[in-house]
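K.L.:
next one to model:
(chains A and B)
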Number of protein chains: 2
Amino acid sequence: MKKPFEELFSNTATKLQASIIRELLKLTQKPEVISFAGGLPNPDAFPVQQIHEICPDIINNSNALQYGTTEGVVELREALKKRMAEKNVKCELENIQISSGSQQALDILGRILLNPDDIVLTTCPTYLGAIQAFGFQEPRYEVVEMDEHSVIVEDLEARLEEIHKRGDGERLKFFYVTPTFHNPAGVTIPEKRRKEIIELCNTYDVLIIEDDPYSELRYRGKDEPLLKSLDTEDRVVYISTFSKILVPGFRIAWMVGPTELVKKFVIAKQAVDLCTTPFTQYVAAEYLSRGYVNQHIKKIKEVYGRKMRIMLKSMEEYFPDGAQYAEPDGGMFVWVRLPENINTIDLFPKAIEQNVAYVVGTAFYPNGGGLNTMRLNFTHPSDEKVEEGIKRLGNVLHQELSE
Amino acid sequence: MKKPFEELFSNTATKLQASIIRELLKLTQKPEVISFAGGLPNPDAFPVQQIHEICPDIINNSNALQYGTTEGVVELREALKKRMAEKNVKCELENIQISSGSQQALDILGRILLNPDDIVLTTCPTYLGAIQAFGFQEPRYEVVEMDEHSVIVEDLEARLEEIHKRGDGERLKFFYVTPTFHNPAGVTIPEKRRKEIIELCNTYDVLIIEDDPYSELRYRGKDEPLLKSLDTEDRVVYISTFSKILVPGFRIAWMVGPTELVKKFVIAKQAVDLCTTPFTQYVAAEYLSRGYVNQHIKKIKEVYGRKMRIMLKSMEEYFPDGAQYAEPDGGMFVWVRLPENINTIDLFPKAIEQNVAYVVGTAFYPNGGGLNTMRLNFTHPSDEKVEEGIKRLGNVLHQELSE
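P.N.:
As a prediction, the model looks like this:
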């Protein structure tokens, strides 16, 4: 080409820039670095034997090798309907949509719901992948504060009231939230608050996107009800994934939502990728219908629960008092808040020098801020590395806080 | 929800409507209907045994079960680099991008290249999936006429000149074309025209998207060079897929393009679905590197070549003179043009009554028209059904043309 690509790119593409996170993550790829930066499951928690047992049957099923329907494989949606019923979510097949990972569900929901300058209400911090997916549509973000029990309901109410008072009610398209083992904050909304959130959203007639990749990964305490199970007015769009309870390498997630929304989603998805990988959808369907999933979740919880306890114990031992964090009951992350004068972007090269890495917290702030925060993943490194890495990071923090 | 979903949907979503094709296709699902409407490969042409041989090794590779990079699995891109070199396309790994089917490549290219009202130059008719993918961005289409040797170069030149003369040169973002065994038209651009097209696009500095799902499926005649292999100015973005040479159910395609374009594609794709299914990418990589692919393409060509000959012979026998078609040398489709007064949408229920189905041709016209055309797929039905279906359709056409 003679003309520069800048002249060819769309306005959207021009605004898409490689994120600082991506650049920082490149530094973590040296083998000597212990990385708490990823969000990866541990290969020790992959049900390899079960996949070996299932695959030959799937290869013999020509439907698994052919194009599939955009809605998703019926056998998988049937199995998910059963599973959702066990979690007190009643739905029909027409409400269940398969997507190529949760990320695709977020992307397509953004495309079918958001115009530029529409409002997305979410927590602060919130999931980075959602900010990236919704970002294509250039929405405005309004944020709700959290405490150690996640969403502060009074703040949610204040935001909703404010948005409606200033006449922006129609531009508010949804409230996006990860109620259980929040990414990145690690916190979980208790039942009482969940009910209050549903009530508030009923009052203000707000759609809720409940992103739930982690609720099966509870290592202590009792399960909280899904927001979707408390939904009385068909306003919750529920998203979950096989990435954490089977393997991420299959790229299978599912969404449960209002019929009309799912119909529109299907039309959009057809133009986006025709269908999600039928082969791995069939494997996931068998994984559910053969009952492997619950056995295997037990194993995952053992492995990850142990790692979480090692991380929390190590943090208690090695972290300075100035580093604050809420102890999660499950999921994959611990969220750390440092004194306001510490900037975790500036701190990053010093951590890498000590061969330890984290994700800078500001990436999770849709309107900027959070420069004194970081996210630590405990599921991917080995047990020994979790302890050793926290020790190294503790040293870095001690030094920084004493300066 | 209390408010209707129409108030929540984005402008883009509001314009997305279930297509007439989708509605018509529902009628073809009765088992007694012989359908030439799909675009499906035949399960007899799936390399089931080879997949059985490969899969156990892939399951034992934890990278295949983990999240993958957005660019795609390195082993697959290495194997594709070799394969492209055999087709006289020299490229580096950084030029090769994996996507979740060709459809995703088209969608993301549309997103990163097109603003509303930008111009897409393409053939008339053109691939329906491309119209759907680019449609999100609401471009204008300018169309180039085709004859039995595909793109009429003089018409391409006239269009380019006209666009530039009226000052729309900057809004013209690319020329989208399927040079070999065109979908739906079945025709192929000969080498001389290919060189002229490249020259013209060099002169007018136009990006070319070469969609090439079918060139491996040649049943007679000699191979034509890929446009990408004739590209001297890095202006061809090449797209191909494993859907026709392995299986569609793996959802693996690849793109070879200019470094800068691929970089932007990666940033967009990360927000769209993080990565394409690593598991099936690894299977595809082994399928190439074990050398299964060329053996298997021979088998596919036998099966499909036979079906094409049966269809063409049956058309000769059973179709009325008023039905015109160019005989393809490969691919999956025969394109039929009826007298101007015949409307294939109106004809459709009559065909269904005779238990035979096709795709109405107007779906492939980005600016409307083509009401007297239809597309016939010969790869999916059994040999017997190809003949029987053409006989039935011949009856329908004879009756219609005699009225």
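
K.L.:
let me see the contact set for residue A:351.
P.N.:
Contact analysis of residue A:351 by Cβ atoms under 8 Å, 6 or more residues apart in numbering or on different chains lists A:357, A:358, A:392, A:393, A:396. C-beta coordinates here come from the backbone N, C-alpha and C atoms, glycine included.

K.L.:
please apply the same query to residue A:214.
P.N.:
For residue A:214, the contacting residues are A:178, A:180, A:181, A:183, A:244, A:330, A:331, A:332, by Cβ under 8 Å, 6+ apart.

K.L.:
could I get those residues as a markdown table with neighbour count, pLDDT and distance to chain B?
P.N.:
Formatted as a markdown table, these follow (neighbours: other Cβ atoms under 10 Å in any protein chain shown; pLDDT from 0 to 100; distance: Cβ to the nearest Cβ, whole Å):
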| residue | neighbour count | pLDDT | distance to chain B |
| --- | --- | --- | --- |
| A:178 | 27 | 98 | 16 |
| A:180 | 28 | 98 | 21 |
| A:181 | 24 | 98 | 18 |
| A:183 | 23 | 97 | 14 |
| A:244 | 22 | 96 | 11 |
| A:330 | 21 | 98 | 20 |
| A:331 | 29 | 98 | 17 |
| A:332 | 27 | 98 | 13 |
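
K.L.:
let's see which of those residues end up in helices.
P.N.:
Assigned to helices by DSSP state H, none of those qualify.

K.L.:
picking up where we left off before, and which of the contacts of residue A:351 is nearest to chain B?
P.N.:
Nearest to chain B out of these is residue A:357 (Cβ to the nearest Cβ; 16.7 Å).

K.L.:
who's that closest one bridged to?
P.N.:
residue A:35 (DSSP bridges).

K.L.:
could you tell me the per-residue confidence at it?
P.N.:
For residue A:357, the model assigns a pLDDT of 96.

K.L.:
what's the answer for residue A:25, then?
P.N.:
Value for residue A:25, per-residue pLDDT: 75.

K.L.:
okay, buried residues for whichever helix or strand residue A:396 is part of please.
P.N.:
Using DSSP states H and E, residue A:396 maps to helix A:383-402. Buried positions in helix A:383-402, judged by neighbour count with 16 or more other Cβ atoms under 10 Å in any protein chain shown: A:385-397, A:400-401.

K.L.:
that older thread, nearest to residue B:103 among the contacts of residue A:351?
P.N.:
Nearest to residue B:103 among these, counting by Cβ to Cβ, is residue A:357 at 36.0 Å.

K.L.:
now, the contacts of residue A:214 that are in strands?
P.N.:
Per DSSP state E, strands hold no members of the contacts of residue A:214.

K.L.:
out of the residues you listed, which one sits closest to residue A:152?
P.N.:
residue A:178 (15.3 Å).

K.L.:
ok, the closest one to residue B:262 distance?
P.N.:
32 Å (Cβ to Cβ, to the nearest Å).

K.L.:
angles on the backbone of residue A:119, please.
P.N.:
Residue A:119 adopts backbone torsions of phi -100, psi 130, taken as degrees, to the nearest 10.

K.L.:
how about the contacts made by it?
P.N.:
For residue A:119, the contact set (Cβ under 8 Å, 6+ apart) comprises A:139, A:140, A:141, A:142, A:163, A:168, A:171, A:172, A:173.

K.L.:
give me the ChimeraX select line for these, limited to the buried ones.
P.N.:
Here is the ChimeraX selection string for the buried members of these, based on 16+ other Cβ under 10 Å:
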select /A:139,140,141,142,163,172,173
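
K.L.:
closest one of the contacts of residue A:119 to chain B?
P.N.:
Looking across the contacts of residue A:119 and measuring by Cβ to the nearest Cβ, the closest to chain B is residue A:173, at 6.1 Å.

K.L.:
that closest one contacts residue A:116, correct?
P.N.:
No. When contacts are counted by Cβ atoms under 8 Å, residue A:173 is not listed as touching residue A:116 (11.8 Å).

K.L.:
shared neighbours, those two?
P.N.:
residue A:139.

K.L.:
how about the residues of the stretch 101-250 of chain A by chain B?
P.N.:
A:101, A:103-104, A:107, A:111-115, A:118, A:129, A:132-133, A:135-137, A:170, A:173-174, A:205, A:207, A:233-235, A:243, A:247-250 (Cβ under 8 Å from any Cβ of the partner chain).

K.L.:
contact partners for the nearest residue to residue A:47 once chain neighbours are set aside?
P.N.:
Sequence neighbours aside, residue A:296 is the residue nearest to residue A:47 in space, at 4.6 Å (criterion: Cβ to Cβ, 6 or more residues apart in numbering or on different chains). Residue A:296 sits next to A:47, A:50, A:245, A:246 when contact means Cβ under 8 Å, 6+ apart.

K.L.:
with residue A:96 instead?
P.N.:
A:71, A:72, A:77, A:80, A:81, A:84, A:254, A:255, A:256, A:262.

K.L.:
relative to chain B, how far out is it?
P.N.:
18 Å (Cβ to the nearest Cβ, to the nearest Å).

K.L.:
pLDDT value on that residue, please?
P.N.:
98.

K.L.:
need the three-state assignment for the closest residue to it other than its chain neighbours.
P.N.:
Once flanking residues are discounted, residue A:96 sits nearest to residue A:77: 4.4 Å by Cβ to Cβ, 6+ apart. Secondary structure for residue A:77, judged by DSSP: H, G, I helix; E, B strand; the rest coil, is helix.

K.L.:
output the below-cut-off pLDDT ranges for chain A.
P.N.:
By pLDDT under 70, chain A has no low-scoring segment.

K.L.:
residue A:349: neighbour count?
P.N.:
10 (other Cβ atoms under 10 Å in any protein chain shown).

K.L.:
how about residue A:282?
P.N.:
25.

K.L.:
list the contacts of it.
P.N.:
Applying Cβ under 8 Å, 6+ apart to residue A:282 gives the contacts A:58, A:61, A:63, A:64, A:73, A:75, A:76.

K.L.:
go again using 10 Å as the cut-off
P.N.:
A:54-55, A:57-59, A:61, A:63-65, A:68, A:73, A:75-76, A:252, B:249 (Cβ atoms under 10 Å, 6 or more residues apart in numbering or on different chains).

K.L.:
that's a helix at it, yeah?
P.N.:
Yes. When classified by three-state DSSP, residue A:282 is found to be part of a helix.

K.L.:
who touches the closest residue in space to it that isn't next to it in sequence in this structure?
P.N.:
Spatially, and ignoring its direct neighbours in sequence, residue A:282 is nearest to residue A:64 (4.1 Å; Cβ to Cβ, 6+ apart). Applying Cβ under 10 Å, 6+ apart to residue A:64 gives the contacts A:55, A:57-58, A:73, A:75, A:277-283, A:285-286, B:46, B:247, B:249-250.

K.L.:
could you tell me which of the residues you listed count as buried?
P.N.:
A:55, A:58, A:73, A:75, A:277-283, A:285-286, B:46, B:247, B:249-250.

K.L.:
and for the closest residue to residue A:378 other than its chain neighbours, the neighbour number?
P.N.:
Distances taken as Cβ to Cβ, 6+ apart place residue A:311 nearest to residue A:378, at 4.2 Å, with adjacent residues excluded. Residues near residue A:311, counting by other Cβ under 10 Å, number 26.

K.L.:
lovely, talk soon.
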